[in-house]
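A.B. asks: sequence and predicted model, in that order:
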Amino acid sequence: MRKLWLVVSLILLSSIASAGKVNERPVVIDLDQSRAAGDQLTARTADNDIELIGCGIKVYDDGVNPVWSFGFCQARDSADRSIQCFTGNADLLEAIKGASAYAWISFSWREDPDFGFECSSIQFSTNSFYLPDPNLKPKEK
Amino acid sequence: MKTSTVLILVQTGVLLLLFGRIIAIEKRVPVAEAKAQDTLFSEAIDVLPPSAYASNGVFYADEIQLRKIIREELAAQLESSSDSNKQTEMVAASVSANRVYEPHQRERVAQQVDYYASVGSISDTEMHELQWEIAKLDETGRKEMLGKLVRALNLGEIEGNL
């Protein structure tokens, strides 16, 4: 009987291993290096309700003034430290357009004396190990 | 006899005076107006009723009929010109009102950011409205005010999301 349970346990363990590599990257903010990183899924499923990371683009056209578009990235770690940066740089805006769900995001910024926290780099990585477990149940509120 | 002669002389003098006045008034009429009237006159001829033409195609509308047509055409053109001017003025006023960037507009946005910093938070709707205000600024103003907003968010002066 014990051998049977051992065999069953081994089968179960092997099935978990065959789910593929998982890479959880909680949100980390390094104020000294002016850099933040983390993956969206780990932030979303964290054991707190403050952690977050993401980027976006906003475009405004009132039909009178020149169209205004800017990109931004923001992050908050489990210690409740937060950072936001913005950009009007065309290349960085293009990079943000490449964002996808379940991505790992990394961004850095520089503090301009006149304009504040401008994004200086934005990176995305969309790998299978950032995807949610197909068997994962939604987090209860 | 003397009285008749005096009256004739006075009448002749008055007639000459009136004639002189008429010539002076005609000289004062602007050339452009004369041209416009010519155009209108030719247009008026085009819209003459069939009764105004003789069988040989030559029109013989009487003066009263022509005057009436010209008056109507002039009135219509003046009204159209007036409407067009009003529309142009309204568009110009609207554009200039929206394009008054600095320093008044920028100062107002700066005050709004300061206000939210004093309150300590900004809702998503308020953030959206604030960004609409920033969008109305010129390039430098937009960058400056967005920078001010992001700085306030990072310093924890304002709780909210971009």
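C.D. replies: Everything's here; your move.

A.B. asks: helices along chain A, start to end?
C.D. replies: A:2-17, A:40-44, A:90-97 (DSSP state H).

A.B. asks: now do the same contact list for B:Gly156.
C.D. replies: For B:Gly156, the contacting residues are A:Ser82, by C-beta atoms under 8 Å, 6 or more residues apart in numbering or on different chains. Every C-beta, even on glycine, is put in place using the N, C-alpha and C of the backbone.

A.B. asks: and it, helix, strand or coil?
C.D. replies: coil (DSSP: H, G, I helix; E, B strand; the rest coil).

A.B. asks: pop out the phi and psi values for it.
C.D. replies: phi 80, psi 10 (degrees, to the nearest 10).

A.B. asks: buried residues in the host helix or strand of B:Asp114?
C.D. replies: Secondary-structure assignment from DSSP states H and E places B:Asp114 in helix B:104-119. Counting neighbours by 16 or more other C-beta atoms under 10 Å in any protein chain shown, one finds that the buried residues in helix B:104-119 are B:105-106, B:109-110, B:112-113, B:116-117.

A.B. asks: nearest to A:Ser128 among the residues you listed?
C.D. replies: A:Ser128 has its nearest neighbour among the buried residues of helix B:104-119 in B:Tyr116, at 41.6 Å by C-beta to C-beta.

A.B. asks: check what pLDDT A:Ser34 gets.
C.D. replies: Note on A:Ser34: pLDDT of 96.

A.B. asks: A:Ser108 is in contact with that one, correct?
C.D. replies: Yes. Counting by C-beta atoms under 8 Å, A:Ser34 does reach A:Ser108; the two are 5.4 Å apart.

A.B. asks: now for these two: what residues contact both?
C.D. replies: Common neighbours of A:Ser34 and A:Ser108 (criterion: C-beta under 8 Å, 6+ apart): A:Ser120.

A.B. asks: so of the buried residues of helix B:104-119, which two are at opposite extremes in space?
C.D. replies: It's B:Gln105 and B:Ala117 that sit farthest apart of those, by C-beta to C-beta, at 19.1 Å.

A.B. asks: state the mean pLDDT of stretch B:151-162.
C.D. replies: Stretch B:151-162 shows an average pLDDT of 94 in the prediction.

A.B. asks: in that stretch, what's buried?
C.D. replies: Here stretch B:151-162 shows B:151-154, B:157-158, B:160-162 as buried, counting by 16+ other C-beta under 10 Å.

A.B. asks: tell me which helix or strand comes right after the helix holding B:Asp114.
C.D. replies: helix B:124-135.

A.B. asks: pLDDT on that next one, on average?
C.D. replies: 96.

A.B. asks: does any bit of it sit next to chain A?
C.D. replies: Yes. Helix B:124-135 is in contact with chain A by C-beta under 8 Å from any C-beta of the partner chain, via B:131-132, B:134-135.

A.B. asks: which pair of those residues spans the longest distance?
C.D. replies: Among these, B:Trp132 and B:Ile134 lie farthest apart (C-beta to C-beta), at 7.3 Å.

A.B. asks: for B:Arg108, which non-adjacent residue is spatially closest?
C.D. replies: B:Glu133 (7.3 Å; C-beta to C-beta, 6 or more residues apart in numbering or on different chains).

A.B. asks: repeat that for A:Ser82.
C.D. replies: Closest to A:Ser82 by C-beta to C-beta, 6+ apart is A:Arg76, at 4.0 Å.

A.B. asks: you'd agree the one you found is up against A:Asp49?
C.D. replies: No. Counting by C-beta under 8 Å, A:Arg76 sits too far from A:Asp49 to count as a contact (10.4 Å).

A.B. asks: the more surrounded of those two?
C.D. replies: A:Arg76 (21 against 7; other C-beta atoms under 10 Å in any protein chain shown).

A.B. asks: helices and strands of chain A: which one bottoms out on pLDDT?
C.D. replies: helix A:2-17 (a mean of 60; mean pLDDT, DSSP states H and E).

A.B. asks: before we move on, the earlier item: from the buried residues of stretch B:151-162, pick the one nearest A:Val28.
C.D. replies: Comparing the buried residues of stretch B:151-162 against A:Val28 with C-beta to C-beta picks out B:Asn154 as the nearest, at 16.5 Å.
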